[in-house]
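Novice: quick one: sequence plus predicted model below, questions after.
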Amino acid sequence: MQPTSRLQATLCSASVLFLSLCHNTIPVEELARNLDRLSVEEIRDRMELYIDQQAGSEKLPGAAAALFRQGTPVLWVHKGLSQNQKISIASLNKPFTAMIVLRLTIEEELDLDRPILEYLDEWKSQCKDQPEMATVTTRMLLSHTSGIPYEPAGKKSFQLSGKKYPLPQANQGKFKYSNYNYHILAELAHKLTGRPLSQLIKAWILDPAGMRNTSAAGTNGAAGMVSTLEDLTRFCEFLLLENARKDSPYYRVFAWFANVDHRRSGNEYGLGWHVYAPSSNPELFYHSGTWYNAAAEIYIIPETSSYFVHIANPPDFKDKETVRYRSDILKMGRLALTKSN
């Protein structure tokens, strides 16, 4: 359910009233402390105050956030960014790529556990001289366990569609985050369908989800998309609805994302998403994307149809104050999403 204009106006009016009463009464460094004793509504109010105090500055020109609990909007706030203002979502592109690859798996175009060499002739032709490549599977690429490093290719490399990639290393099977995994997945999807990943994302996700202000034209599989606060809430709604719809090509897709049979702990990277799966609470799926002028994240709990979306456009994502802001606002969002009251 998308928030209506009236509902958004109501939430924004409540925010203005709250902020007019509480502005500057809580130092910014105190806003994210002692949250466990607060109610969801109190945490929500602190998030609104935090964004009001920090956004609109040189280090954080704009920020926006939305929180839905069990399908009900709890938070919808933006300052310096409109709800339909496009920003880069950086690595939040990866869950979109994962959906395309998993759809191909569900439709039996692809087997996650068969070697990539069975699908890409160019890959296969290099395996004789580069045996490290022979055992890489699609599941490994999705879960960042291929052994392919994050660092650019050096002397030990292989070629794919004219691009140089670093060879898998000895730590194959262990988690090592690398954008190259998702670059290769983009090539794989293109090979299997004859269509660029950007077209697949538009046709299979953006259009049916009604994400009119999102573009995948610049995607390389790992990053390159732009989106908005409102469209990212549409993405969450689309995911939740399709996950539950038996005739959907994404039916029970969160079970695929969780990668249950291959998990080693309750908090690790699944297939396109980080997965936090404590024994006492429902699974939480999350992913962030950060770069210069880009910060975007989604936290989503399928079991309760709840999610949190945050975007911002900090010029320097490594700036100390910006790092603290993101850490604090995300801590607030996670807690407001998961608290029982």
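Specialist: Looks like it came in fine.

Novice: list the contacts of residue 338.
Specialist: Residues in contact with residue 338, defined by CB atoms under 8 Å, 6 or more residues apart in numbering, are 281, 284, 301. C-betas here are computed from N, CA, C, even on glycine.

Novice: could you turn the buried ones of the residues you listed into a ChimeraX selection?
Specialist: The following ChimeraX line selects those of the contacts of residue 338 that are buried, judged by 16 or more other CB atoms under 10 Å:
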select :284,301
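
Novice: among the contacts of residue 338, name the ones in strands.
Specialist: Cross-referencing the contacts of residue 338 with the strands (criterion: DSSP state E) gives 284, 301 as the overlap.

Novice: for the contacts of residue 338, which one is nearest residue 218?
Specialist: Proximity of the contacts of residue 338 to residue 218 (CB to CB) peaks at residue 284, which lies at 29.0 Å.

Novice: okay, strands next: where are they in the stretch 51-200 of the chain?
Specialist: Read by DSSP state E, counting those that start in this stretch, the stretch 51-200 of the chain holds these strands, from start to end of the chain: 63-69, 72-79, 87-88, 157-160, 163-166.

Novice: ok, and the closest non-adjacent residue to residue 157?
Specialist: residue 164 (4.8 Å; CB to CB, 6 or more residues apart in numbering).

Novice: isn't that neighbour right up against residue 155?
Specialist: No. Counting by CB atoms under 8 Å, no contact exists between residue 164 and residue 155, whose distance comes to 10.4 Å.

Novice: if we can go back for a sec, number of residues surrounding the residue nearest to residue 157?
Specialist: Under the neighbour criterion other CB atoms under 10 Å, residue 164 is assigned a count of 12.

Novice: which strand residues bridge it?
Specialist: Each beta-bridge partner of residue 164 is listed here, defined by DSSP bridges: residue 159.

Novice: can you give me the pLDDT of it?
Specialist: The predicted local distance difference test score for residue 164 is 94.

Novice: burial measure for the residue lying closest to residue 130 once chain neighbours are set aside, as a count.
Specialist: The shortest distance from residue 130 to any non-neighbouring residue, by CB to CB, 6+ apart, is to residue 158 (5.5 Å). Here the number of neighbours of residue 158 (other CB under 10 Å) works out to 21.

Novice: residue 158 reaches residue 136, doesn't it?
Specialist: No. In terms of CB under 8 Å, residue 158 does not count as a neighbour of residue 136; the distance is 10.4 Å.

Novice: measure residue 57 to residue 31 for me?
Specialist: Taking CB to CB, to the nearest Å as the measure, residue 57 and residue 31 are separated by 15 Å.

Novice: returning to that earlier point: got JSON lines for the strands of the stretch 51-200 of the chain, with distance to residue 249 too?
Specialist: Supplementary listing: those in JSON lines, determined by distance: least, CB to CB, whole Å:
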{"stretch": "strand 63-69", "distance to residue 249": "24"}
{"stretch": "strand 72-79", "distance to residue 249": "28"}
{"stretch": "strand 87-88", "distance to residue 249": "27"}
{"stretch": "strand 157-160", "distance to residue 249": "27"}
{"stretch": "strand 163-166", "distance to residue 249": "29"}
